[in-house]
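Colleague: Need coordinates for the following:
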Amino acid sequence: MTGLPTEKSYIAQSILDHIALYYGPPGVGKTTFVNDLTSKCLFISSDRGTRHLKVYRKEVGTWEEVRRVVSLLEREKRKSSLMYEMVALDHIDDLSYMAEIYVCTSLGIDSLAEAEFGTGWRLHRKELWATMQRILNLGTGLALIAHETSKTIKIPKRTERIMPDLTKGAWKVLIPKCDIVGYCGFKVVKSQEKRTITTQPSEHIYAKDRTRKNKPESGWELLKGPDFVATFGRPRVNK
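Modeller: Numbers count the residues shown, from 1 in each chain. Here you go, the predicted structure:
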C-alpha cells in the first residue's frame, strides 16, 4: 500500500475517465454510439445486433462466459498487451439476468427469493459488483448499455418516468457507480425526427451527470459519439 497523497488528483477530463450507462429504445443506435466513443472498444455482448456492426465483440450467453472474458482481459493486462480503451457491457440488463441464473444454479434454487436470509439477492449483487470492479481495475473506460422501461413515480406527485430497465438489486449496484446516465431517444428537431441523447434529468426521464462536460442549453444533443467525446475537452491524461 502506498502512502497518503501529497498532490491533489487531476480532474477527469475524458469520456474514458467516467463510468457511463446509456439506455433507450431498441434501434435508436446505442451500440453504434458507444462504438464511436473510441476506436478500441470491446463489447461483451448479449445482443445479436452487434453482429451487424464492425466492432470488437465477444458474444456471451451465460454468466460463466462473461467471467471468462473478463479473465482473458486481466491476462492481457498482466502481459501489458491490453489493446482496448473501453469495455462495454451490452446489454447490462441481460447480463444481470445471466448472473441471476448463475447464482440460482449454484444454490440449487429456482429464484433468488428462495434462498434464506436474502442470500440469493446478496450473492447476485456481489457477482455484479465484483465483475464490474474487475473491469474497472483494467484501467479502461466502462460503458453499460441497457433497455428502457417506464415506471410510475409517486413522489412528489404521480408521474410516469422513463428509466433504465434494471432490477432493484442491479440498480443498487450499478447506478451509484455511474458518473453518467444518458437517455438515448428520438426527438423532433426542426420538424425532423433525430436520434438524440440527454444526460440532464427531468420529471419524465431519469438521467445523471456529475462530470464537467459542456452541455447544450436544451439538454439534448445529437446521438453522435465523436461530438459527445469532444465536449469533454482535453484528452485523457494517464497518471
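
Colleague: Tell me where the protein has helices.
Modeller: 30-35, 63-78, 92-107, 119-136, 168-174, 225-230 (DSSP state H).

Colleague: now, of those, which is deepest in the fold?
Modeller: Of all the helices of the chain, helix 30-35 has the most neighbours on average by mean count of other Cβ atoms under 10 Å, namely a mean of 23. Yep, even glycine has a C-beta here, placed from its N, CA and C like the rest.

Colleague: From the contact counts, what lies against that helix?
Modeller: Contact here means 3 or more Cβ pairs under 8 Å, 6 or more residues apart in numbering; DSSP states H and E; on that basis helix 30-35 packs against strand 19-23, strand 41-45, strand 86-90, strand 141-146, helix 225-230.

Colleague: quick revisit: make a markdown table from the helices of the chain and add distance to Ile15 and mean pLDDT to it.
Modeller: As requested, the helices of the chain are exported to a markdown table (distance: least, Cβ to Cβ, whole Å; pLDDT from 0 to 100):
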| stretch | distance to Ile15 | mean pLDDT |
| --- | --- | --- |
| helix 30-35 | 10 | 96 |
| helix 63-78 | 19 | 98 |
| helix 92-107 | 17 | 97 |
| helix 119-136 | 15 | 97 |
| helix 168-174 | 18 | 95 |
| helix 225-230 | 5 | 93 |
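
Colleague: what's the closest of the ones you listed to Thr198?
Modeller: Distance to Thr198, taken as Cβ to Cβ, is lowest for helix 225-230 among these, at 11.2 Å.

Colleague: hang on, the earlier thing: among the helices and strands packed on helix 30-35, show the one with the smallest mean pLDDT.
Modeller: When the helices and strands packed on helix 30-35 are ranked by mean pLDDT, helix 225-230 comes last with a mean of 93.

Colleague: Who are the contact partners of the spatially most central residue of the chain?
Modeller: The chain has Leu144 as the residue nearest its centroid, 1.5 Å off, counting by Cα atoms, centre = their mean. Each residue near Leu144 by Cβ atoms under 8 Å, 6 or more residues apart in numbering is listed here: 19-22, 88-89, 92, 174, 178.

Colleague: By neighbours, which of the residues you listed wins?
Modeller: Ala88 (31 neighbours; other Cβ atoms under 10 Å).

Colleague: separation between the nearest residue to that residue once chain neighbours are set aside and Lys157?
Modeller: Of all residues not flanking Ala88 in the chain, Ala143 sits nearest, at 4.3 Å (Cβ to Cβ, 6 or more residues apart in numbering). Using Cβ to Cβ, to the nearest Å, Ala143 is found at 33 Å from Lys157.

Colleague: Between those two, tell me which one has more neighbours.
Modeller: Taking other Cβ under 10 Å, Ala143 and Lys157 do not tie; Ala143 has more neighbours (30 against 7).

Colleague: For the more buried one, name its beta-bridge partners.
Modeller: Ala20, Ala88 (DSSP bridges).

Colleague: ok, it - contacts?
Modeller: Contacts of Ala143 by Cβ under 8 Å, 6+ apart are 20-22, 34, 37, 41, 86-89.

Colleague: repeat that for 7 Å
Modeller: Residues in contact with Ala143 (Cβ atoms under 7 Å, 6 or more residues apart in numbering) are 20, 22, 34, 86, 88.

Colleague: burial count for the residue nearest to the fourth one when sequence neighbours are not counted?
Modeller: The reference is to Met86. The shortest distance from Met86 to any non-neighbouring residue, by Cβ to Cβ, 6+ apart, is to Gly141 (3.8 Å). Neighbourhood size, Gly141 [other Cβ under 10 Å]: 25.

Colleague: same check, this time on Asp17
Modeller: 16.

Colleague: And the pLDDT at it?
Modeller: 91.
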